[in-house]
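# I'll drop the sequence and a predicted model, then ask my questions.
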Amino acid sequence: MTAQADVGYRARQHARWHWSEIAFWILALSCVFLFPSRYLIMTDIVRLALFALSLDLILGYAGIVSLGHAAFFGIGAYSAGLLALHGIVSEPVIALVAAGLVATAVGFLTSFLVIRGADLTRLMVTLGIALLLEALAVRFSDITGGTDGLQGIEMQPILGLFAFDIFGKVGFLYCLALLFLLFLLARRIVHSPFGLSLRAIRNNPLRAAAIGIPVNRRLIAIYTLAAFYAGIAGALFTQTTALASLDVFSFERSADLMLVLVIGGTGYLYGGLIGAVVFKMLQEVFSTITPQYWQFWIGLVLVVIVLVGRARMHRWALWAPNLIIRQFAGRKAVVVVPESDVS
Amino acid sequence: MTTLFTILFDGVAYGMLLFVLACGLAVTLGLMNFVNLAHGAFAMTGGYVCAVLVNRSGWPFFAGLPLAFAASALIGAVLERALYRHLYSRSHLDQVLFSVGLVFMSVAAVDYIMGSSRVFIKLPAALEGQIDFFGVGIGRYRLMIIVICGLLTAALQLVLARTRFGSRLRAAVDDPRAASGLGINVPQVFAFTFAFGCGLAGLGGALSAEILGLDPYFPLKFMIYFLIVVTVGGSSSITGPFLASLLLGIGDVAGKYYVPKMGPFVIYTIMIVILIWRPNGLFGRSAVR
């Protein structure tokens, strides 16, 4: 087998659906029937998962550390809110796509700023952009509603058929369906030659450039795509909560997002999804212990994760499940979190 | 004309304060290449230590300042030995996550212990009011800040440039391996520098309670300002961050005075433009190894 064919074979093998992935999605769908009283928090989890998926695309696959990913979330949230509030686009799905496209445009424009410079500059620029947008939202409070946020948003039925109900069942299914669709797209993209080239860039930008990958253009492309995903997540936030306030841009949102992704692991797409579930559960637990000060425990989790080491933590977390899987399906079936070396 | 001078004066005071707050970060981030977003937490610690001593125990303000320094430096030293030093060689992502975690913990802890409202430190009567200087109103408190911070800056510059410790630090930063080969105890130098930087931040925190406001969200609110000072200033010397803080201080005060509606918009825009124009800072060589 030639080297090229070997690479192609391995890439295809990797791209094939694993049975555990199918199980994951069946489980996700079955949540509709399993927890009929918890739709609101589950919607929250799905939105967060989509947002984390977006960060995973740039952090896990392209190695861009962003401290201001909430910028695009906020753009999406406000766009969807304004479209619905002024009745410009009343149909939720079209409004969602429109909001995503606005975020995409902003992402494309800012990507030129982000790809310049190394890690530290990127951190600063992404953080700066998010803060800048927040300042703008405060400045133009006649449009954004300032600190009160956008209020009185009324959502029309999805596709003109399904109206949002007060229990949030429709909202949850809507979010889940979108998450699944966008996940399929992301999965297709990261397993494509384009996605492989991104990984090459993450591992060594210089070498990637040397073998003829247009590094900057690839980074711009993935950053723009991630902005689209984040915009959709933000728009979903507005549509399902009928609310958009200044905190969509906040630094805490970006920081929490990193925690979500780090809990789940970067660079295999499911990290954000699993991380979102774990994060929300942790948040629930912490806020029952100390309602006002749950951030303390979130901070502690972050510190502990880093000190223990992300890779080691994931090995520990998977130790018990793998023990069981090994009994039933043999050594080869064990689940591992592929850890990307983001630096 | 007089307003211009007042703005300039206030801006310089503000800038000097920022410099004292951020110069510890200039060493950890700029020189040691450790992304420490929790620097503001040390400043807040100093501020609260001073506030508790002055307001509750009735210490004089000027006795509270050195203790703010000492408390922050001590906490910095302990944390450096216990936690930070394990992370020097880790990826930036790990460092960011770790320090953000510390920020969250400090915010919630201070909120829990001290309450979430803004804290004021009781000032001695000598520091209140203004002096009239050829028609320009000069705040006494700000004048004191300029004097203290100016002296500190000069002392720092001297220590870095002239003393044995300064040359050791510069050697350790330039090439840790060669420095340790020459018998310099690099971890010790780093630990000491880190603690000293935290101490300065604590002192700055105590001084800034009057001007910037001291509440549990201090580390988050001013994080970007500290980072701006370091990244815009570059890391080749102490002069870069110093000039950057003066620029930032004057720019911010002038921006708030002339275009109050734009808020911090001006500062962020300038920062992004500078970083795009010169990714290694205005006055710097490569900030990232």
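Received it, and whenever you're ready, just let me know what you need. Numbering: from 1, shown residues only, chains lettered A, B, ... in the order given.
# separation between A:Ser197 and A:Leu261?
Per Cβ to Cβ, to the nearest Å, A:Ser197 is found 22 Å from A:Leu261. To be clear about C-beta, it is placed using only N, CA and C from the backbone, and glycine gets the same treatment.
# Pick out whichever of those two has more residues nearby.
Between A:Ser197 and A:Leu261, A:Leu261 has the larger neighbour count (other Cβ atoms under 10 Å in any protein chain shown), namely 28 against 20.
# Just to check, the more buried one is in contact with A:Leu57?
No: using Cβ atoms under 8 Å as the test, A:Leu261 is too far from A:Leu57 to be in contact (10.5 Å).
# For the stretch 51-200 of chain A, just list every one of the helices.
Along the stretch 51-200 of chain A, counting by DSSP state H, counting those that start in this stretch, helices occupy A:70-85, A:92-114, A:119-139, A:141-144, A:169-191, A:193-203.
# Using a markdown table, lay out these together with distance to chain B and mean pLDDT.
Below are the helices of the stretch 51-200 of chain A laid out as a markdown table (distance: least, Cβ to the nearest Cβ, whole Å; pLDDT from 0 to 100):
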| stretch | distance to chain B | mean pLDDT |
| --- | --- | --- |
| helix A:70-85 | 12 | 93 |
| helix A:92-114 | 6 | 93 |
| helix A:119-139 | 4 | 87 |
| helix A:141-144 | 10 | 82 |
| helix A:169-191 | 19 | 92 |
| helix A:193-203 | 12 | 91 |
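# right, so the ones you listed: which one is the most enclosed?
Greatest average neighbour count among the helices of the stretch 51-200 of chain A goes to helix A:70-85 (a mean of 29), per mean count of other Cβ atoms under 10 Å in any protein chain shown.
# tell me the angle of it relative to helix A:92-114?
Angle of helix A:70-85 versus helix A:92-114, following axes from the mean of the first three to the mean of the last three Cα atoms, to 10 degrees, is 150 degrees.
# could I get helix A:70-85 in PDB with only the CA atoms?
Extracted C-alpha coordinates of helix A:70-85, given in PDB (Å, rounded to 0.1, in the frame of the first residue of the first chain):
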ATOM      1  CA  ALA A  70     -19.200  35.100  22.800                       C
ATOM      2  CA  ALA A  71     -18.900  37.900  20.300                       C
ATOM      3  CA  PHE A  72     -20.600  35.800  17.600                       C
ATOM      4  CA  PHE A  73     -23.000  34.300  20.000                       C
ATOM      5  CA  GLY A  74     -24.100  37.800  20.900                       C
ATOM      6  CA  ILE A  75     -24.300  38.900  17.300                       C
ATOM      7  CA  GLY A  76     -26.500  36.000  16.500                       C
ATOM      8  CA  ALA A  77     -28.700  36.600  19.600                       C
ATOM      9  CA  TYR A  78     -29.200  40.300  18.800                       C
ATOM     10  CA  SER A  79     -29.800  39.700  15.100                       C
ATOM     11  CA  ALA A  80     -32.400  37.100  15.800                       C
ATOM     12  CA  GLY A  81     -34.000  39.200  18.400                       C
ATOM     13  CA  LEU A  82     -34.100  42.300  16.300                       C
ATOM     14  CA  LEU A  83     -35.500  40.400  13.300                       C
ATOM     15  CA  ALA A  84     -38.300  39.000  15.400                       C
ATOM     16  CA  LEU A  85     -39.000  42.100  17.400                       C
END
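# Would you format the helices of the stretch 51-200 of chain A as TSV with distance to A:Tyr293 included?
Formatted as TSV, these follow (distance: least, Cβ to Cβ, whole Å):
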stretch	distance to A:Tyr293
helix A:70-85	22
helix A:92-114	33
helix A:119-139	24
helix A:141-144	30
helix A:169-191	29
helix A:193-203	37
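# looking at those helices, which is closest to B:Leu282?
helix A:119-139 (12.9 Å; Cβ to Cβ).
# so what secondary structure elements neighbour the closest one?
Contact here means 3 or more Cβ pairs under 8 Å, 6 or more residues apart in numbering or on different chains; DSSP states H and E; on that basis helix A:119-139 packs against helix A:70-85, helix A:92-114, helix A:251-264, helix B:92-114, helix B:218-233, helix B:265-277.
# and the fifth one, anywhere near chain A?
Yep, that's helix B:218-233 we're talking about. Yes: Helix B:218-233 comes into contact with chain A (Cβ under 8 Å from any Cβ of the partner chain), by way of B:220, B:223-224, B:227-228, B:231.
# tell me the pLDDT at whichever residue of the stretch 101-250 of chain A sits closest to chain B?
Here the residue of the stretch 101-250 of chain A nearest chain B is A:Gly117; by Cβ to the nearest Cβ that distance is 3.5 Å. In this prediction, A:Gly117 carries a pLDDT score of 72.
# Leaving out sequence neighbours, find the closest residue to it.
In space, and not counting its chain neighbours, A:Gly117 is closest to B:Pro279: 3.5 Å by Cβ to Cβ, 6 or more residues apart in numbering or on different chains.
# That neighbour against A:Asp119, yeah?
No: taking contacts as Cβ under 8 Å, B:Pro279 lies outside contact range of A:Asp119: 10.8 Å.
# Show me what stretch A:11-22 is in contact with.
The contact list for stretch A:11-22 (Cβ atoms under 8 Å, 6 or more residues apart in numbering or on different chains) reads A:187, A:191, A:196, A:270, A:335.
# Can you tell me which of the residues you listed is nearest B:Leu203?
Taking Cβ to Cβ as the measure, B:Leu203 lies nearest A:Tyr270 of the contacts of stretch A:11-22, at 47.4 Å.
# And the pLDDT at the closest one?
91.
# How much space separates B:Ile211 from B:Gly47?
On the measure of Cβ to Cβ, B:Ile211 and B:Gly47 end up 11 Å apart.
# more crowded one of the two?
More crowded of B:Ile211 and B:Gly47, by other Cβ under 10 Å: B:Gly47, with 31 against 15.
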